[in-house]
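Asks: A structural model of the following input is requested.
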Amino acid sequence: MIGPAATFGFRDVDPEAKPGLVRGVFDRVAKRYDLMNDLMSGGVHRLWKDAVAARLNPQPGELIVDCAGGTGDMARRFSKMARRVQARRGGDDARVFVIDYNAEMIAAGREKGAEPEMAWAVGDAQRLPLPDGCADAYVISFGIRNVTDVAAALREARRVLKTGGRFLCLEFSRPTAEALQKLYDAYSFKVIPQIGARVAGDRDSYQYLVESIRRFPDQRTFAAMIAEAGFACVGFTNFSGGVAALHTGRAARA
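Replies: Prediction:
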């Protein structure tokens, strides 16, 4: 291994190997990804995602980048919300660009159907197929912890945003109460891999997903990384006692 290691669950791996390892995980879970999210969270992930969409407040004419957009569940929310505003006061169609590193996830999303505002592409969060300063908003939901170089992905988000553009990142985080942390750990390591084994026939992939959450920075550390990448007005909102958190910021003037 040359240079700093990347994380893959609790393992440290060669950064060049991580993308292939992560791709293998999502190749295996793509077809049951949304079902598994419902089972693992008891449907609560839908409430978190609704809250993110409300905070984004998509508008007609905006270009919204849904990075690591997977099966398109967030992009459908954004599209419908922007269209409702458009019906009330007019304006151009919004555009929601779903980008995901995994072609199987994109394929699973396409099978579920798309809204007219949506476009799909396979792409890397660290090298987005978009020009500088083109987007009004960038959203990444439960995807950034799977990126090889999180700091590089944050800088890339800043690159594609217009000055003042909105950055929103929904990710699993750290429970704020010790009792909740212990309960969450027990559920994560004992129950979630078992659900993966029984429903998706894949314990290892869900073991990785649980481990990757534990290796991700806590709320304040991640907020500092966002600021370092060139964002202002950085803040975060805890959901479900910190089990997940929404980090937000505005693209600062270059």
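Asks: list the contacts for I192?
Replies: With contact set as CB atoms under 8 Å, 6 or more residues apart in numbering, I192 has these partners: M40, Y206, L209, V210. In short, each C-beta sits where N, CA and C put it, glycine included.
Asks: do that again at 7 Å, thanks
Replies: M40, Y206, V210 (CB atoms under 7 Å, 6 or more residues apart in numbering).
Asks: min pLDDT across these, which one?
Replies: Taken together, the contacts of I192 show their lowest pLDDT at M40, with 74.
Asks: so what's that residue up against?
Replies: Contacts of M40 by CB under 7 Å, 6+ apart are I192, I195.
Asks: dump the helix or strand where it lies to CSV, restricted to CA.
Replies: Assigned by DSSP states H and E, M40 belongs to helix 33-41. Taking Å, rounded to 0.1, in the frame of the first residue of the first chain, the C-alpha atoms of helix 33-41 are listed here in CSV:
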residue,chain,number,x,y,z
TYR,A,33,-31.8,-1.4,-1.5
ASP,A,34,-35.1,0.6,-0.8
LEU,A,35,-36.8,-2.4,0.8
MET,A,36,-33.8,-2.9,3.1
ASN,A,37,-33.8,0.8,4.1
ASP,A,38,-37.4,0.5,5.1
LEU,A,39,-36.8,-2.7,7.1
MET,A,40,-33.6,-1.5,8.8
SER,A,41,-35.0,1.9,9.8
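Asks: so for it, what gets flagged as buried?
Replies: By neighbour count on 16 or more other CB atoms under 10 Å, the buried set for helix 33-41 is Y33, D34, M36, N37, L39, M40, S41.
Asks: coming back round to it: and the contacts of I192 as CSV, adding distance to I64?
Replies: Compiled in CSV, the contacts of I192 are given as follows (distance: CB to CB, whole Å):
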residue, distance to I64
M40, 26
Y206, 29
V210, 30
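Asks: check the offset of the helix holding M40 from the chain's centre.
Replies: Here helix 33-41 is found 15 Å from its chain centre; the criterion is CA atoms, centre = their mean, to the nearest Å.
Asks: likewise for stretch 34-47?
Replies: The answer for stretch 34-47 is 15 Å, by CA atoms, centre = their mean.
Asks: now do that stretch: distance from first to last residue.
Replies: End-to-end span of stretch 34-47 (CA to CA, to the nearest Å): 14 Å.
Asks: which non-adjacent residue is nearest L170?
Replies: S141 (4.3 Å; CB to CB, 6 or more residues apart in numbering).
Asks: what's the mean pLDDT across the longest strand anywhere in the chain?
Replies: The longest strand of the chain (DSSP state E) is strand 161-172. Mean pLDDT, computed over strand 161-172, is 97.
Asks: just checking, what packs against that strand?
Replies: Using 3 or more CB pairs under 7 Å, 6 or more residues apart in numbering; DSSP states H and E, the elements in contact with strand 161-172 are helix 44-56, strand 135-141, strand 244-251.
Asks: okay, those in JSON lines with distance to D149, mean neighbour count and mean pLDDT next?
Replies: Shown next, in JSON lines, are the helices and strands packed on strand 161-172 (distance: least, CB to CB, whole Å; neighbours: other CB atoms under 10 Å; pLDDT from 0 to 100):
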{"stretch": "helix 44-56", "distance to D149": "24", "mean neighbour count": "17", "mean pLDDT": "96"}
{"stretch": "strand 135-141", "distance to D149": "14", "mean neighbour count": "25", "mean pLDDT": "98"}
{"stretch": "strand 244-251", "distance to D149": "17", "mean neighbour count": "22", "mean pLDDT": "97"}
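Asks: distance to R198 added to the ones you listed, as TSV?
Replies: Below are the helices and strands packed on strand 161-172 laid out as TSV (distance: least, CB to CB, whole Å):
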stretch	distance to R198
helix 44-56	19
strand 135-141	25
strand 244-251	24
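Asks: and the angle from the longest strand of the chain to strand 135-141?
Replies: 10 degrees (axes from the mean of the first three to the mean of the last three CA atoms, to 10 degrees).
Asks: contacts for the next helix or strand after strand 161-172, please.
Replies: Where DSSP H and E defines the elements, the next helix or strand beyond strand 161-172 is helix 178-190. Helix 178-190 has contacts (CB under 7 Å, 6+ apart) with P175, V210, G241, V243.
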